[in-house]
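Novice: After the sequence you'll find the predicted model.
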Amino acid sequence: MYSNSNALIFAPKLVAPQAARTWYRQPILARAADRPVALFTGADSYLLKDSLAATLKESGRPVVWLRLGPEDRDPATFLITLGAGLDRVCPGVSDSLLERMRRRPGPTMGWPPLFAYVAHEIAESLPDQTALVLEHSHYLEMAHPVIGLLCSSVLPRLPDGTSCILTAQQRLADADWPDTMEQYGSRHLRLDARSAHEWLVQTGQSLAPACLRRFIALTDGRAVALTGLTEAIGLLGDAAVRRVVDAASGADDLFARLANAMLATVSLVDRDALALALSVEYCHPDLIATALNGGALPLGPWFQQLAEDWLLVSSLWQAPLRLVLRSTALPRARALHSAADYLVKQGSVEHAVKIHMAAENFDAAAQTLAAASEAMMSLGQWATIDEWLTRLPASALRNSPWLVYAGGEIAAARGDIVSARHGFAKSSKLFMDCHDSYGACQSVLAESVLATWEGNYAEAIVKARAANALALSSQLLWNQSWASWYLGCLLANAGDFDAALGHFATAAAAISATGDAVMIELVRLTEELTLHQRDLREQRELHRQAYFATERAERELAERLHRSFTTPLDRLDTLLNVHGWSRTPLMLKLSSIPVAGAPSDAVARTGLWGVLLHLVGLRRPKRAATVAPAEGHPPAEPPLLALTHEYMPSAAPLAAQVGAVAVELADTQAVSPPNEWRTIRSIVPMSLSDGAAQSAAPDIAKPRDEHKIAAYMLGEFRVLVNDRPVKNWPSGRGRSVFKYLLTHHNRPVSRDVLMDVFWPDAEPEAARNSLNVAMHGLRQALRPVTDVAVVLFQQGAYQLSPDLRLWIDIDEFERRVREGHACEERGQLAAAVAEYEVVTSLYQGDFLVDDPYDDWPVLIRERLRTAYLDTLDRLAHTYFSQGQYGQCAALCQIILAHDNCREDAHCKLMRCYSRQGQQYLALRQYQACAEALRDELNIDPSPSTTQLYERIRQHAQV
């Protein structure tokens, strides 16, 4: 458990100014104290902070005074400061806030919940009529998220009667201030000569009216300057001060002359003390004693007296003092180092690092920051660490590998994978160089995680194995448990379940020795999930084998059933002996004879269950387009076979084969009719004369059933004929020609066009022969799945048969796109979304992705791809407007998978992540966008994208 928050915060940041016995009342302060929110901007030297503290004390209000610094631009540091200040009037608030910050780090889980928690604690615990003063609020500039979070989460929820007063040296950028806020500037606080004279009288000092008017003119009536004047008169006398005022050429010259005059008699030792105080900004008698072993701070108007004996160098006097002390006294390096050590013990790591950096003692700065980095990372002070890391030279980090590692984690959280990878690789080497196995193991494991994020699972496994081996050799049980667990997860993801379970067992054994209940439960759960997944995969394999075994058994039974009524009975001789030939049924004494149009093996390929379901009426066949038999001839197909024909098409019947031959006969100039055609002609029933056969051919060629072709051309090319896939495509150009005909199915395609597309460099005769061979191979490929002519040749052109029911995915794709656009134009958003969803499901890949080297699909491919990406963009825009950020993000990722330079998709994805509270993913997406644009186009992201990135960094609504 970390120490109490008050040990983490610099005490002078929490104490109010001490008012002098005689203090000047600025009337506007009492009014400001009664406002819910008051802001003093550009009035730092005009506002007397001790007067404000005295006014609040006189009103009897409890006061929480926070003196902010540059470090409070970090939301975590600001929350720590605010919590420590509240703890002075509400004990326990700070500890609960720190605990919440450790459990839910703001950089990854968002700052708004933590600021909302503080607002809740203020509303519940703050005493009535409390005044909350935020001095130096100009450090909470809009480039950082604190001011926005303060305005949106804390100020609007202050309880009634509470007053919040903010002071700033300059005007703050526009923020969403509460409507109840009242703003004041220098014009409300500027003193005139009359008010200045009354003040001097009140303090017992005097100055010639002319000199006082000149002083007021030179200083623009700044109240802090007038307090300096009163002290100067007390130290130097009014005559000396009058000479200085008369000789001054401006305000800066005036203050420098006064400082020089007041320090003229100060010893060198005391000048050293003042120079040290100026470098530190805050000062305390113990600090001077520790750093200088003597010396005292010289009296003067440059200090603002704070409670608990702390002093603060006034901003008005800092520049004049540096000018006066520059050539006479500079803090010695040893004194600065001792002062920095003292500040670290007082809880001001940021001030100590700043002192070391100013003295160019970079090694000490790195060591100071490294010593506090673990606590700072746990509390989410990542912005502070990151800022210092960017300012520290690389040489200073050689002895601080944990700082380098912390920089890698910060880069990974904001999505800068390149910087994170560099940081982890560097920290791994530094840890190895200093023989820190613990740190090396953690860094190498972090490299494995980055490789996983990038999809490089092979490298991820290699790095995880290295981390595991290092932890094992160094007997680091904690590191070994994590490395083994993560390696097991990677192997399980790769499908190597047995190896994964082995590593989970190793992790469980290692973690059990540490007694970490959370880690033990995590390993147990992961192991159970992996076991279950392995069992499911084994069951799936068993089911697959059982399925094939059942299919084989079904086929064997179907064949036996088929033989039972198509072959002679085994004991036919006994039957004939008893009943004689004539009385014995035909199916028992003769084998089946092939009949034109009768698919003899249909039952065998349909399966027993299919036949039986038809027989009992559980499956109803489609109405077949029957062929009227010639007079005196039996039907061409037995009833049982007709029932099964729809569900398992048989070998091509004679009628379909004759029709297919008709197509081949149409183009026989280059090649002779194939042998198959002659074989088919030989089995035309001999009872028909040649003329009768020719006249019957058109009727026989009519399909008995409705033939369907489904072609999938988006992604892997597939064709289904009556739900049966075409598998044995020809090795030549036949399939490519078929793809062309499918694409242009709405019109006949001239033979010359096909020759020019597929054989552009061949002689006409050779191209014609090649086309005929290709068409022959195509028909051979289609013949096992259909008994009709798919491709027809008429009048020198090829086209698909008009008798086919044709469905092509690209036609459906474009129809759905048009319908979606029409619905969108009519304002039917739900219908448009439905159409676009169908479009995205149809697009299984680029058009004819298997033919990357053919020229003719290129323009079509690009047109369909553009329509697909446009549809994804329209759908993503709709989902985003409906608040469905998960679906929108998924679509943006698909767009970027096709075109990672789509800056609009990157921005939309960043917004989705941000609105889901995943700021780190949004920031990481910006880095991915910048990297893609730089690598592919050599450009930077547009200003609007960069502005979006900055707003997300500030946790602003985007």
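Specialist: That came through, no problem.
Novice: Give me the contacts around stretch 67-75.
Specialist: With contacts defined as CB atoms under 8 Å, 6 or more residues apart in numbering, stretch 67-75 is touched by 12-15, 77-78, 81, 106, 111, 114-115, 134-137, 139-141, 143-146, 149, 312, 350-351, 380-384, 387, 955. Any C-beta I mention is one placed from the backbone N, CA and C, and that applies to glycine too.
Novice: taking the mean pLDDT, what do you get for that stretch?
Specialist: Mean pLDDT, computed over stretch 67-75, is 91.
Novice: again, but for stretch 845-861
Specialist: Stretch 845-861 comes out with an average pLDDT of 90.
Novice: which of the contacts of stretch 67-75 count as buried?
Specialist: Buried positions within these, assessed by neighbour count (16 or more other CB atoms under 10 Å), are 12-15, 77-78, 81, 106, 111, 114-115, 134-137, 139-141, 144-146, 149, 312, 350-351, 380-384, 955.
Novice: what about the stretch 251-400 of the chain, any weak spots by pLDDT?
Specialist: Scanning the stretch 251-400 of the chain for pLDDT under 70 picks out 327-331.
Novice: hey, where'd the helices end up in it?
Specialist: Remark: helices assigned in the stretch 251-400 of the chain by DSSP state H, counting those that start in this stretch are 251-262, 268-280, 285-292, 315-325, 333-345, 349-358, 362-379, 382-391.
Novice: tell me the angle the second one makes with helix 251-262.
Specialist: Comparing the axes of helix 268-280 and helix 251-262 via axes from the mean of the first three to the mean of the last three CA atoms, to 10 degrees yields an angle of 150 degrees.
Novice: Other residues contacting helix 268-280?
Specialist: Residues outside helix 268-280 that contact it (CB under 8 Å, 6+ apart): 263, 266, 283, 287-288, 291-292, 294-298, 302-303, 311, 313, 318, 321-322, 325, 328-332, 335-336, 339, 343, 351, 355, 358.
Novice: Please spell out the ChimeraX selection for the buried subset of those.
Specialist: The buried residues among the contacts of helix 268-280 can be selected in ChimeraX (16+ other CB under 10 Å) with this line:
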select :263,266,283,287,288,291,292,295,297,298,302,303,311,313,321,325,329,331,335,336,339,343,351,355
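Novice: Just the ones in strands from the buried ones among the contacts of stretch 67-75, please.
Specialist: Residues of the buried ones among the contacts of stretch 67-75 located in strands (DSSP state E): 134-135, 312.
Novice: want to throw these into a markdown table with distance to residue 742?
Specialist: A markdown table is the format used below for these (distance: CB to CB, whole Å):
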| residue | distance to residue 742 |
| --- | --- |
| 134 | 73 |
| 135 | 77 |
| 312 | 83 |
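Novice: List just the nearest of these to residue 42.
Specialist: In terms of CB to CB, no member of those lies closer to residue 42 than residue 135, at 14.4 Å.
Novice: now the closest one, which residues is it bridged with?
Specialist: For residue 135, the beta-bridge partners are residue 67 (DSSP bridges).
Novice: what's the distance between it and residue 188?
Specialist: Using CB to CB, to the nearest Å, residue 135 is found at 17 Å from residue 188.
Novice: list the contacts for residue 899?
Specialist: For residue 899, the contact set (CB under 8 Å, 6+ apart) comprises 869, 905.
Novice: hang on, I meant residue 139
Specialist: 68-70, 72-73.
Novice: Next step: these restricted to helices.
Specialist: In helices, judged by DSSP state H, none of these are found.
Novice: Format those as CSV; extra columns: neighbour count and distance to residue 163.
Specialist: Putting the contacts of residue 139 into CSV (neighbours: other CB atoms under 10 Å; distance: CB to CB, whole Å) gives the following:
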residue, neighbour count, distance to residue 163
68, 23, 18
69, 20, 23
70, 16, 26
72, 26, 20
73, 20, 24
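Novice: Pick the one among those closest to residue 196.
Specialist: Proximity of the contacts of residue 139 to residue 196 (CB to CB) peaks at residue 68, which lies at 30.0 Å.
Novice: Can you tell me the SS state at residue 165?
Specialist: Put simply, residue 165 is strand when judged by DSSP: H, G, I helix; E, B strand; the rest coil.
Novice: ok, it - how many residues close by?
Specialist: By other CB atoms under 10 Å, 24 other residues sit near residue 165.
Novice: same thing with residue 47?
Specialist: By other CB under 10 Å, the residues close to residue 47 number 23.
Novice: what's the answer for the one 4 residues further on, then?
Specialist: Residue neighbour count, defined by other CB under 10 Å, stands at 20 for residue 51.
Novice: cool, the one 10 residues further on as well?
Specialist: Residues within reach of residue 61, counting by other CB under 10 Å, total 19.
Novice: next structured bit after the helix or strand hosting residue 841?
Specialist: Using DSSP states H and E, residue 841 maps to helix 829-842. Using DSSP H and E, the helix or strand that follows helix 829-842 towards the C-terminus is helix 858-881.
Novice: Now that following helix: buried residues?
Specialist: 861, 864-865, 867-869, 871-876, 878-880.
Novice: Ok, stretch 244-253 next?
Specialist: So stretch 244-253, judged by 16+ other CB under 10 Å, has buried residues 244-245, 248, 251.
Novice: Among those, which one lies nearest to residue 407?
Specialist: Nearest to residue 407 among the buried residues of stretch 244-253: residue 251, at 43.2 Å, using CB to CB.
Novice: any idea how far residue 483 is from that closest one?
Specialist: Taking CB to CB, one finds residue 251 at 64 Å from residue 483.
Novice: Repeat that for residue 175.
Specialist: For residue 175 relative to residue 483 (CB to CB), the value is 46 Å.
Novice: so where's the chain shaky on pLDDT?
Specialist: For the chain, applying pLDDT under 70 flags the ranges 1-8, 20-23, 43, 142-144, 173-174, 327-331, 565-572, 589-706.
Novice: Now do the strands in the stretch 701-850 of the chain.
Specialist: Here the stretch 701-850 of the chain has its strands, by DSSP state E, counting those that start in this stretch, at 708-712, 718-721, 724-725, 749-750, 791-794, 797-800, 805-808.
Novice: Mind checking these for the one nearest to residue 815?
Specialist: Of all these, it is strand 805-808 that lies closest to residue 815, at 10.4 Å by CB to CB.
Novice: Direction included, what does the closest one pair up with?
Specialist: Strand pairing for strand 805-808, determined by DSSP bridges: strand 708-712 (parallel).
Novice: Kindly confirm my reading that residue 39 is in a strand.
Specialist: Yes: judged by three-state DSSP, residue 39 forms part of a strand.
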